[in-house]
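> sequence first, predicted coordinates after that:
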Amino acid sequence: MKEMLKLEFRKALRNKSFYISLIIGCIITMFSLVYNIEIYQNEIMMIQGDRLNPMYGVLSLFNRWIGGEPFSFGSSAYFFVFPLLVAIPYGWSYCEEKQSGYTRLVTVYSGKKAYFLAKYAAVFLSGALAMVLPLVFNFLVSALFFPAVTPSPLYCTSNGVFYGSLMSMLYYSAPFLYVFFYLCIDFVFGGLIACLSYSVSCIVKYKVIVVILPLFLLLAFHYLRQFIYTSPEVHHYKEISPLFFLRPVQIVYHTSWTVILIGAAILFFITFLSIIWEYRHEIY
């Protein structure tokens with residue numbers, strides 16, 4: 001099992017698709033960086049006589065990195081296409097190996113259990129890193145341009161983190177920890193969504209469909225949620241779409257730990273159950 005894990009991790013993290021996904025993700029995050037640098041230079045640092053703009057305290061690293069602002073093209077694009085980015089590195093691998101006959105060969109030597117579990121772990125890790133590394137890259141580069149000033153709740157409308165927002169107290173007291181926890185959430189969901197591609201490859205023969213189908217499934221769920229949330233003026237809904245609740249700022253509705261944990265459990269259940277089914281299925 002240990003050797004199988006090493007082999008699958010090496011294949012997942014040392015292939016061109018993984019680096020292509022990271023490069024695309026980092027490029028997208030740069031659009032957000034350029035947008036926010038322009039805002040910072042044109043508005044915040046504008047000198048008014050001998051004094052700085054009185055709204056200088058509005059902008060900081062924590063609401064100018066890609067996860068802290070929802071307005072730029074880069075931010076909107078990244079949290080729209082991330083299901084595709086996490087599937088590109090290795091989500092298609094089982095589909096390809098199954099068609100080539102590699103699966104039959106490797107399970108003879110390593111055993112089916114070791115192969116399927118190692119494959120699941122490798123797909124999860126590749127998707128999780130493809131999701132988080134561009135965000136970390138953007139955060140670190142943004143730190144070169146924006147002051148890491150602890151956000152003030154007086155500017156909650158500019159921060160996008162309100163009284164009922166997830167971990168709002170942490171955001172206004174320990175923002176670095178807030179960012180870390182959100183990156184952990186994104187790490188888990190990036191991996192699970194990549195494993196969704198792995199699950200799809202158990203029943204679909206075409207790599208292209210395996211890679212893009214998770215994106216369309218999430219988009220369909222995101223669209224259908226508007227038929228569930230019919231009376232926002234009456235009910236205090238919680239955000240259930242991963243396209244929104246994986247962003248560290250509130251887009252429409254508040255995010256809750258209950259939704260996050262249930263969503264992660266459902267994705268894990270669906271993906272792992274499909275792998276168990278494939279494991280018990282005769283591959284010869």
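Good, I have the coordinates. Numbers count the residues shown, from 1 in each chain.

> can you map out the helices along the stretch 151-284 of the chain?
Residue ranges of the helices in the stretch 151-284 of the chain, as given by DSSP state H, counting those that start in this stretch, are 156-159, 168-171, 175-200, 207-224, 242-245, 257-280.

> now these as CSV including distance to residue 150, mean pLDDT and mean neighbour count?
Glycine gets a C-beta too; all of them are placed from N, C-alpha and C. Below are these laid out as CSV (distance: least, CB to CB, whole Å; pLDDT from 0 to 100; neighbours: other CB atoms under 10 Å):
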stretch, distance to residue 150, mean pLDDT, mean neighbour count
helix 156-159, 11, 78, 17
helix 168-171, 9, 91, 19
helix 175-200, 6, 95, 22
helix 207-224, 33, 91, 16
helix 242-245, 24, 93, 21
helix 257-280, 23, 90, 15
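
> just for the chain, where's the confidence low?
The model of the chain has pLDDT under 70 over residues 43-57, 230-235, 282-284.

> give me the distance between residue 139 and residue 178.
12 Å (CB to CB, to the nearest Å).

> save the helices of the stretch 151-284 of the chain as CSV, and put in distance to residue 98 too.
Formatted as CSV, those follow (distance: least, CB to CB, whole Å):
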stretch, distance to residue 98
helix 156-159, 47
helix 168-171, 44
helix 175-200, 11
helix 207-224, 11
helix 242-245, 27
helix 257-280, 9
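
> which of those helices sits closest to residue 132?
Taking CB to CB, helix 175-200 is the member of the helices of the stretch 151-284 of the chain nearest to residue 132, at 4.8 Å.

> picking that back up, closest to residue 145 out of the helices of the stretch 151-284 of the chain?
Proximity to residue 145 (CB to CB) singles out helix 175-200 among these, at 16.1 Å.

> now the angle from the closest one to helix 207-224?
120 degrees (axes from the mean of the first three to the mean of the last three CA atoms, to 10 degrees).

> just checking, what packs against helix 175-200?
helix 73-87, helix 112-142, helix 168-171, helix 207-224, helix 257-280 (3 or more CB pairs under 8 Å, 6 or more residues apart in numbering; DSSP states H and E).

> how far does the first one sit from the chain's center?
By that I understand helix 73-87. In terms of CA atoms, centre = their mean, to the nearest Å, the centre of helix 73-87 is found 8 Å from the chain centre.

> kindly export it (C-alpha atoms) in CSV.
Only the C-alpha atoms of helix 73-87 are listed here, as CSV (Å, rounded to 0.1, in the frame of the first residue of the first chain):
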residue,chain,number,x,y,z
PHE,A,73,-12.8,39.6,-12.9
GLY,A,74,-10.0,37.4,-11.5
SER,A,75,-12.0,36.6,-8.3
SER,A,76,-15.2,35.9,-10.2
ALA,A,77,-13.4,33.8,-12.8
TYR,A,78,-11.4,31.7,-10.3
PHE,A,79,-14.3,30.8,-8.1
PHE,A,80,-16.3,29.9,-11.2
VAL,A,81,-13.8,27.6,-13.0
PHE,A,82,-12.1,26.0,-10.0
PRO,A,83,-14.1,22.8,-10.4
LEU,A,84,-12.4,22.5,-13.8
LEU,A,85,-9.0,23.4,-12.4
VAL,A,86,-9.1,20.8,-9.7
ALA,A,87,-10.1,18.0,-12.2
